[in-house]
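*Asks:* Quick check, what structure comes out for this input:
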Amino acid sequence: MTKVTKVSKREFIKKAGLVTAGAAATTLAAPYVKAQNAPIKWRLQTYAGPALAEHVVKNSIDVFNKAANGEMVIELYTADQLVPQGELFRAVQAGTIDAAQSDDDSAAAPVDVKVFAAYFPFASRYSLDVPALWEWWGLKQIWEEAYAEVPNVTWLSTGAWDPCNLCSTKPVRSVADLKGLRVYMFPTGGQFMQQFGIVPVSLPYEDVQPAIQTGELDGVWWCGITEAYTVGWADVTKYYLTNNVSGAWAGSYFVNTEKWKAVPEHLQTLFKMCIDWSHYYRQHWYWWGEAHYRTTGGKLELTTIPDADWKTVEDAAPKFWDEIAKTSPRCAKVVEILKNYNASMVKAGPPYRY
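*Replies:* Numbers count the residues shown, from 1 in each chain. Prediction:
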C-alpha cells in the first residue's frame, strides 16, 4: 500500500515560495549583474529644440531610462546637436547615432514616401487622423515595405503632432498677403505653398528666432500655436493665422537596425511602449495647448483668411497630390488612401468633418 504524505496548505505555500524565489534568483542574478556593469547605451537625436523636446520626447525617454532599471540608458540630443537635421537619417544608418525622432522629409530619408511625412498639404484635419491612417488605413504596412528597402535602418512608429499654421511679423488676412513672405517651412509644405508666393527658407533650427528678429525671416509656417509659445517664436512674431495647411504633423522613430537587433526583446518592447506613451501625451498636450494659447496666450493676434479666399489654397491640394502620385506606384497608393480616407471622413460628417 502506497503511503500518502500529508502536507498542510501553509507548508506547501512556504516550500513553493522558497523554490520560486530560488529559481528567480538563479535566473535573474546574472543578467542583473551584467546590466549594472555594462548597460546598453544609445544616443537618440530629435528634430526638436530643447524647450520643445521636453514635451515631444524627453518625458518618454526619462520613463524608459527609469523602467529599464540600469539595463539600458538612452542619451537624448536635441535638434542639430550631434548632426544637422538634414543628415539625421544618414547618421542613424551609419551608426553615428543609434536612433532618431523626426519626420522623414526634413531628415532626408531615402524613400519615396517621405513627402507624406511632416505636413503633407491638407492630408489631415485633426491629430487623430494620423494614427487612424497608419494603424487602420494601411500606411503602417506601406512604411514597413518602404523602409525594408533601406539598409540598416528600421522604422518603428509614426505619430501625430500639432497643426501647421503661420506665425508672422506681418498680418495675413488674404491669400494675396502671403506673396513674398520669407518663411521657415518643412520641405514639402514649402514646395506646395510656393505657388501662392511664399518663399521657403531653410535654416538650422536654433537660427530661426534670431532670423525673425533681424528681418531675414517674416515668420514660420512650421507648427501650431502651442509650439510657437513653447519655443519662443511667439515672442518675436505678432500674428497667428488660424488657417492651416495641415491638421497634424506626422513624425516617426527610426533606429539603427544592427543596434536594434542587439537590444533584448523585453527592452525593445519597453521602448515601443514608451513611444506609444509619447504619442498619447502629445495628443492631449497639443489639443489642450492649441485652444489655451489662442484664448489666453496674449502675445499673438489671431488673423483668418476668409473661407472663399482660402478655398483657392485648398483646391490646389488635390492637383499637388496627383503630381506626387506620379512619382512612384507606392506614392500613388498612398494618395489613393488619403483620398478615400478624407472622402470617408466627409461622408461620416461631424465631428469628423464639418
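
*Asks:* Now Cys164, what are its backbone angles?
*Replies:* Main-chain torsions, Cys164, degrees, to the nearest 10: phi -110, psi 100.

*Asks:* Tell me if I'm right that it and Ser246 touch.
*Replies:* Yes: in this structure, Cys164 is within contact of Ser246 by C-beta atoms under 8 Å, at 4.5 Å. Quick note: C-beta positions are derived from backbone N, CA and C, even for glycine.

*Asks:* Residues that sit against both of those two, list them.
*Replies:* Common contacts of Cys164 and Ser246 (C-beta atoms under 8 Å, 6 or more residues apart in numbering): 119, 189.

*Asks:* Ignoring the adjacent residues along the chain, who's closest to the residue most central in space within the chain?
*Replies:* The centroid of the chain falls nearest to Gly251 when counting by C-alpha atoms, centre = their mean (2.6 Å). Distances taken as C-beta to C-beta, 6 or more residues apart in numbering place Asp103 nearest to Gly251, at 4.9 Å, with adjacent residues excluded.

*Asks:* Tell me how far Tyr119 lies from Lys41.
*Replies:* Taking C-beta to C-beta, to the nearest Å as the measure, Tyr119 falls 34 Å from Lys41.

*Asks:* Ok, Arg282 next?
*Replies:* For Arg282, the distance to Lys41 - C-beta to C-beta - is 26 Å.

*Asks:* So for those two, which sits in the more crowded spot?
*Replies:* For Arg282 versus Lys41, the count of surrounding residues by other C-beta atoms under 10 Å is larger for Arg282: 25 against 10.

*Asks:* Pull the distance from the helix or strand harbouring that one to the chain's centre.
*Replies:* Here Arg282 sits within helix 265-296, counting by DSSP states H and E. Centroid separation for helix 265-296 versus its chain: 10 Å, with C-alpha atoms, centre = their mean, to the nearest Å.

*Asks:* Regarding Ala100, what is its secondary structure?
*Replies:* strand (DSSP: H, G, I helix; E, B strand; the rest coil).

*Asks:* wait, it sits on Leu88?
*Replies:* Yes: counting by C-beta under 8 Å, Ala100 touches Leu88, with 5.1 Å between them.

*Asks:* quick one: contacts for the closest residue to Val56 other than its chain neighbours?
*Replies:* Excluding the flanking residues, the one nearest Val56 by C-beta to C-beta, 6+ apart is Ala48, at 5.2 Å. Counting by C-beta under 8 Å, 6+ apart, Ala48 touches 56-57, 78-79, 101, 205.

*Asks:* rewinding a little: next, show the common contact partners of Ala100 and Leu88.
*Replies:* 45, 47, 107.

*Asks:* and the last one, how many residues sit next to it?
*Replies:* I take that to be Ala107. 26.

*Asks:* From Gln81, how far off is it?
*Replies:* In terms of C-beta to C-beta, Ala107 sits 14 Å off from Gln81.

*Asks:* do the second one as well
*Replies:* Here Tyr47 is placed at a distance of 11 Å from Gln81 (C-beta to C-beta).

*Asks:* repeat for Thr257
*Replies:* 23 Å.

*Asks:* so where's the protein shaky on pLDDT?
*Replies:* Applying pLDDT under 70 to the chain picks out residues 1-37.

*Asks:* swap the cut-off to 90 and go again
*Replies:* 1-38, 205, 354 (pLDDT under 90).

*Asks:* Could you pull out the helices in it for me?
*Replies:* With DSSP state H as the criterion, the chain has helices at 9-37, 50-53, 59-67, 88-94, 129-136, 139-148, 187-193, 208-214, 225-231, 257-261, 265-296, 307-325, 329-348.

*Asks:* Mind putting these into a markdown table with distance to Val113?
*Replies:* Listed next are the helices of the chain as a markdown table, based on distance: least, C-beta to C-beta, whole Å:
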| stretch | distance to Val113 |
| --- | --- |
| helix 9-37 | 37 |
| helix 50-53 | 25 |
| helix 59-67 | 25 |
| helix 88-94 | 13 |
| helix 129-136 | 12 |
| helix 139-148 | 5 |
| helix 187-193 | 11 |
| helix 208-214 | 27 |
| helix 225-231 | 24 |
| helix 257-261 | 18 |
| helix 265-296 | 19 |
| helix 307-325 | 10 |
| helix 329-348 | 6 |
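
*Asks:* Identify, out of those, the most deeply packed stretch.
*Replies:* Among the helices of the chain, the stretch with the highest mean neighbour count (mean count of other C-beta atoms under 10 Å) is helix 225-231, at a mean of 24.

*Asks:* tell me what it is packed against?
*Replies:* helix 50-53, strand 165-168, helix 265-296 (3 or more C-beta pairs under 8 Å, 6 or more residues apart in numbering; DSSP states H and E).
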